[in-house]
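A.B. asks: Sequence and predicted structure, then a few things I'm wondering about:
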Number of protein chains: 2
Amino acid sequence: MRHDRRTVTIYEVAGRAGVSIATVSRALRGSRLVASATRQRVEAVAEELRFRPSRLGRSLAEGQHAANGIVFPDLSGPYYAEVVLGYEEVAAELGRSVLILATHGRPDPAAKVLDLAGRVDGMAILGRTVDDGAVARIADSGLPLVLLARPPVHTADTITTDNDGSARELVRHLLGHGYRRFAFLGSPAESPDVTGRYAAFRDCLEAAGLVPPQPVASALNVAAGYAAARDVLTGRPQRPDALVCANDEIALGALEAAAGAGLTVPGDVAVTGWDDVMAARYAGLTTVRQPMRELGATAATWLQERITGSRVPVRRQVLRTQLVTRSSCGFHEDVEVKE
Amino acid sequence: MRHDRRTVTIYEVAGRAGVSIATVSRALRGSRLVASATRQRVEAVAEELRFRPSRLGRSLAEGQHAANGIVFPDLSGPYYAEVVLGYEEVAAELGRSVLILATHGRPDPAAKVLDLAGRVDGMAILGRTVDDGAVARIADSGLPLVLLARPPVHTADTITTDNDGSARELVRHLLGHGYRRFAFLGSPAESPDVTGRYAAFRDCLEAAGLVPPQPVASALNVAAGYAAARDVLTGRPQRPDALVCANDEIALGALEAAAGAGLTVPGDVAVTGWDDVMAARYAGLTTVRQPMRELGATAATWLQERITGSRVPVRRQVLRTQLVTRSSCGFHEDVEVKE
DNA sequence: GGGGGTCATGTAAGCGCTTGTAGATACGGT
DNA sequence: ACCGTATCTACAAGCGCTTACATGACCCCC
């Protein structure tokens, strides 16, 4: 069952250098307890033999994987990719490898998540990928955990973006443009973010004296958004004049549906999204930009603190968002600044 | 230096169940050499103690990490993200974890790549992230390796997409629309793909009796594409009428530059890209779609074969691409099919 | 010139698992 | 009553490293 290729071990280096393995280990890790002549000899032999210490041996002895994990639904769309990137960048800087696990919308990722948990010193969980039970079980095992864009679970740290604030800002902006017949496209059950966005949308409309509509079910992709918007724009007695979409992909689908129905944007209907994907810019879509990279970076930083130190209190943080107004929500004088 | 949180080990399970650790191991791994009464007892105790076998212990004993690595430049844009996703999906299916390493354009990732190599049973390297020397060194160590969208290095398997074929198809298409004054935007040094695309572009124009232009330097992002296109469209005596851009981001920048220069697309100038990013659709950009997901999936499959079996011959494969014609390369009757 | 440091190195005990091998037990056939 | 065989279990070696502790050499100074 062993690997075919023989790798050179610390024993061979020790033998060739005429010292014990303890000395090799010390010499190569820069301990001061080695005479410099010995150190040089060991280094020369190690170089000659192309010795690379086994990560497994080292990890087992140290009781540290020197690795972090991250679980996410997928990487289509820049949203999660940016989070992963921010996470990886900080982790790499700290000398930790990153293990990924994409759930790909599979029903029960618990087994794979548990497996991942056994390979890392800490782990970030992104969105609604792992159910509360599994999260609690992992947290209870003592594995440092950070939850991202996901409802908190007792002892784990949690970071989210400001869905509440951004939804309110968005709705007020649309109200300011004179829109009154709102629709919300996207199923709150799809993700915790959508849940929060819809809730704030509802509250904000109520506060404005309007009757908030039920959300229109839609998965978080272009095709679903197209279908949902088509139904809403053509199949109802009272056509809405503002489609608040749970993310940009739904909104992009909605823009197509509007065009298909012969409606102009933003004249006949306004459309907004969330995420500020690259396509949003070319589609003139008003949307909410979120600090995804920072989300990942903060997660990696927090984990590091939990892994090395033993800070006790549970942390929660809400990252600020930015409303990006383009043409799809009404006419503006200001032109988007070139980036 | 050991971890604080005490994890339960096989010894405790053995003690509680009144058997040896060997029996625990066999019982839990489903060996037939265990009486079913014993197995049940062990399983009950393991469950009660929430015993999770240490991955490190197991890997060390088996000489297998049960993990694959992948190195890529970044994850902005769907290109690499899709590859990673395809790779992860297949690897996970095969019970292997995935370690990622983003080079983030850092100058010398060799140390981190070597570290990664020590943590996995096989590894994919994407694009021009690791220099030939480091690749050769890893390959020589016997680590199964697959190179993606990158020039081959002796013993490693290589998979690329059909840059040559797609470039020729693209140029012929533009020639068919009547364009004759071509420019190529993108620095061949940026990536092996760009090198291949430019070479085929050049050859194809020569074959058509035209004098191929030198490439116009540009990094693979929107801002660089904008700047390069602006120079080409405004700063030259003979303005080109077809901008073949090395990827979609450059092309999107070029579209903006054309608009900024008061030129119509495709009337005054045609623009094309590569990758078919989501924004390309909304920008009406003609481009080349590549099977990125398949690229990653194939890499994982090949690695698995190399890791488990010992197939000797070096493999090379070129994946087919698909020209996606939209409005930016001339007027078409056909409308893109809804996806 | 012997006691007490300091410095360099070796010894060995883990870290948590897998697995080859040997031993124990029970059973059936003769 | 005995032995061969099948079935189960324990023993122990190993995987490749780190590190506490022991050992020994050497030097300094009273």
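C.D. replies: Looks like it arrived, so ask away. Residues are numbered from 1 along each chain as shown, chains lettered A, B, ... in the order given.
A.B. asks: can you list contacts of the helix or strand bottoming out on mean pLDDT in chain A?
C.D. replies: Ranked by mean pLDDT, DSSP states H and E, the weakest helix or strand in chain A is helix A:278-283, scoring a mean of 87. Residues outside helix A:278-283 that contact it (C-beta atoms under 8 Å, 6 or more residues apart in numbering or on different chains) are A:78, A:248, A:251-252, A:255, A:273, A:285, A:287, A:324, A:326, A:328, A:336, B:77, B:252, B:277-279, B:281-283. Glycine gets a C-beta too; all of them are placed from N, C-alpha and C.
A.B. asks: neighbours of A:Val211, just the number please.
C.D. replies: The tally of other residues near A:Val211 (other C-beta atoms under 10 Å in any protein chain shown) stands at 8.
A.B. asks: tell me the secondary structure for it?
C.D. replies: Using DSSP: H, G, I helix; E, B strand; the rest coil, the secondary structure recorded for A:Val211 is coil.
A.B. asks: ok now do it, which residues does it touch?
C.D. replies: A:Val211 sits next to A:Leu205 when contact means C-beta under 8 Å, 6+ apart.
A.B. asks: Ramachandran angles for it?
C.D. replies: Main-chain dihedrals, A:Val211, degrees, to the nearest 10: phi -90, psi 110.
A.B. asks: For the helix or strand hosting A:Asp164, list every residue counted as buried.
C.D. replies: Secondary structure assignment for A:Asp164, by DSSP states H and E: helix A:163-176. Using 16 or more other C-beta atoms under 10 Å in any protein chain shown as the test for burial, helix A:163-176 gives A:163-171, A:173-175.
A.B. asks: and the contacts of helix A:278-283, which of them are in helices?
C.D. replies: Among the contacts of helix A:278-283, the ones falling in helices (DSSP state H) are A:78, A:248, A:251-252, A:255, B:252, B:278-279, B:281-282.
A.B. asks: Is it possible to get JSON lines of those that adds distance to B:Leu116 and neighbour count?
C.D. replies: Converted to JSON lines, the ones in helices among the contacts of helix A:278-283 look like this (distance: C-beta to C-beta, whole Å; neighbours: other C-beta atoms under 10 Å in any protein chain shown):
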{"residue": "A:Pro78", "distance to B:Leu116": "24", "neighbour count": "24"}
{"residue": "A:Asp248", "distance to B:Leu116": "33", "neighbour count": "28"}
{"residue": "A:Ala251", "distance to B:Leu116": "38", "neighbour count": "31"}
{"residue": "A:Leu252", "distance to B:Leu116": "36", "neighbour count": "29"}
{"residue": "A:Leu255", "distance to B:Leu116": "42", "neighbour count": "27"}
{"residue": "B:Leu252", "distance to B:Leu116": "33", "neighbour count": "29"}
{"residue": "B:Met278", "distance to B:Leu116": "30", "neighbour count": "23"}
{"residue": "B:Ala279", "distance to B:Leu116": "32", "neighbour count": "24"}
{"residue": "B:Arg281", "distance to B:Leu116": "35", "neighbour count": "20"}
{"residue": "B:Tyr282", "distance to B:Leu116": "37", "neighbour count": "21"}
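A.B. asks: Considering those residues, which is situated nearest to A:Ala46?
C.D. replies: For the ones in helices among the contacts of helix A:278-283, the closest approach to A:Ala46 (C-beta to C-beta) belongs to A:Pro78, at 43.0 Å.
A.B. asks: right, and the closest one touches A:Asp275 too?
C.D. replies: Yes - with contact defined as C-beta atoms under 8 Å, A:Pro78 counts as touching A:Asp275 (7.3 Å).
A.B. asks: For the stretch 201-339 of chain A, which segments are assigned as helices?
C.D. replies: Counting by DSSP state H, counting those that start in this stretch, the stretch 201-339 of chain A has helices at residues A:222-234, A:248-260, A:278-283, A:292-308.
A.B. asks: Lowest average confidence across the ones you listed, which one?
C.D. replies: The weakest mean pLDDT among the helices of the stretch 201-339 of chain A belongs to helix A:278-283, with a mean of 87.
A.B. asks: one step back: run the chain-centre distance for the least confident helix or strand of chain A.
C.D. replies: With C-alpha atoms, centre = their mean, to the nearest Å as the basis, helix A:278-283 stands 21 Å off its chain's centre.
A.B. asks: residues in chain A within reach of DNA strand C, list them.
C.D. replies: Within chain A, the positions lying close to DNA strand C (C-beta under 7 Å from any atom of the strand) are A:1, A:18-23, A:26, A:32-39, A:57, A:60-61, A:63.
A.B. asks: Skip the chain neighbours and tell me the closest residue to the closest residue to chain B within the stretch 151-300 of chain A.
C.D. replies: Of the residues in the stretch 151-300 of chain A, the one nearest chain B is A:Ala279, at a distance of 4.0 Å by C-beta to the nearest C-beta. Excluding the flanking residues, the one nearest A:Ala279 by C-beta to C-beta, 6 or more residues apart in numbering or on different chains is B:Ala279, at 4.0 Å.
A.B. asks: Tell me the pLDDT of A:Ile70.
C.D. replies: On the pLDDT scale, A:Ile70 is placed at 98.
A.B. asks: Give the bridge partners for the closest residue to it other than its chain neighbours, please.
C.D. replies: Leaving aside its sequence neighbours, A:Ile70 sits nearest to A:Ala124 (C-beta to C-beta, 6+ apart; 4.5 Å). Beta bridges link A:Ala124 to A:Ile70, A:Val146, judged by DSSP bridges.
A.B. asks: count of residues packed around A:Ala124?
C.D. replies: Residues lying near A:Ala124 (other C-beta under 10 Å) number 31.
A.B. asks: number of nearby residues for A:Ala22?
C.D. replies: 13.
A.B. asks: so what secondary structure elements neighbour the helix or strand where it lies?
C.D. replies: Using DSSP H and E, the element containing A:Ala22 is helix A:21-29. For helix A:21-29, the elements it packs on are helix A:10-17, helix A:36-49, judged by 3 or more C-beta pairs under 8 Å, 6 or more residues apart in numbering or on different chains; DSSP states H and E.
A.B. asks: Let me see the contact set for the spatially closest residue to A:Thr9 that is not a sequence neighbour.
C.D. replies: Distance criterion C-beta to C-beta, 6+ apart; nearest residue to A:Thr9, sequence neighbours excluded, is A:Ser54 at 7.1 Å. Applying C-beta under 8 Å, 6+ apart to A:Ser54 gives the contacts A:7, A:9, B:60, B:118.
A.B. asks: Might you report the residue contacts of the residue nearest to the last one when sequence neighbours are not counted?
C.D. replies: Just to be clear, that refers to B:Gly118. Spatial nearest neighbour of B:Gly118, chain neighbours left out: A:Arg55 (4.5 Å); criterion: C-beta to C-beta, 6+ apart. Each residue near A:Arg55 by C-beta under 8 Å, 6+ apart is listed here: A:66, B:115, B:118-119.
A.B. asks: Return the subset of the residues you listed lying in helices.
C.D. replies: Using DSSP H, the contacts of A:Arg55 in helices are B:Asp115.
A.B. asks: from the contacts of A:Arg55, which is closest to B:Phe182?
C.D. replies: Of all the contacts of A:Arg55, B:Phe182 sits closest to B:Asp115, with 44.5 Å by C-beta to C-beta.
A.B. asks: Chain A versus the closest one, what's the distance?
C.D. replies: The gap separating B:Asp115 from chain A is 7 Å, by C-beta to the nearest C-beta, to the nearest Å.
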